[in-house]
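Would you be able to build a 3D model of this:
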Amino acid sequence: MQLPSLSSLKKELQQKEPKELVELILQLSKLSRDNKTFLYFKLFDSEDATLFVATVKEDLETAFFSANTRNYYAAKKSAQSVRRILNKNLKLTKDPIAKIELIAFFCQKIEELGYLDYRYPVIDNLYALQVGKIEKLLANLHEDLQFDYEELLAKLKEPIR
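Down below sits the predicted model:
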């Protein structure tokens, strides 16, 4: 089966009745937990970015504190699982400032909880990749906002050197 293009789906959806659209959306939300999370976010949390950021930070913090860091292998696996949680939540928002704050929080926790002390290449690369994402997001922001986050970025780059 060949998947149709987004434009053809859009045209077809525009011809549907509102009641049918609601049914389609509910069926989509039942298919996967990610669809349900996305729908919930778009309906209730999309206007308040600070609430979203606070909620995700709380989720990340609980994931970090429940993580196993006894040895470098367990620490690597834990960091990767927390990063997956971060990436799932980053998909929900298009606000670059919220993304920067969440990625910076992740990097600060990695450093604060001693993940970088292992000097394990996978953890170091994971950290450097996240700092690189912040740099890319900052490049697209207004100059005033870039200035606000430059100090944070410089602080996050210190362990990489």
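
where are the low-confidence patches of this structure?
Segments of the chain classed as low confidence (criterion: pLDDT under 70) are 46, 161.

Which parts of the chain are helices?
Assigned by DSSP state H, the helices in the chain fall at 6-14, 18-31, 33-40, 49-65, 72-90, 96-112, 121-139, 143-157.

and these, which is most packed in?
Each of the helices of the chain was scored by mean neighbour count; the highest is helix 96-112, a mean of 19, by mean count of other CB atoms under 10 Å. C-betas here are computed from N, CA, C, even on glycine.

And it, what does it pack against?
Under the contact criterion of 3 or more CB pairs under 8 Å, 6 or more residues apart in numbering; DSSP states H and E, the helices and strands touching helix 96-112 comprise helix 49-65, helix 72-90, helix 121-139, helix 143-157.

Of all these, which one is nearest K10?
Shortest separation from K10 across the helices and strands packed on helix 96-112 is recorded for helix 72-90, at 24.9 Å, computed as CB to CB.

Which residues does that closest one contact?
Where contact means CB atoms under 8 Å, 6 or more residues apart in numbering, the residues beyond helix 72-90 that reach it are 34, 37, 56, 59-60, 63-64, 67-69, 99, 102-103, 106, 109-110, 115, 118, 120, 122-123, 126, 130.
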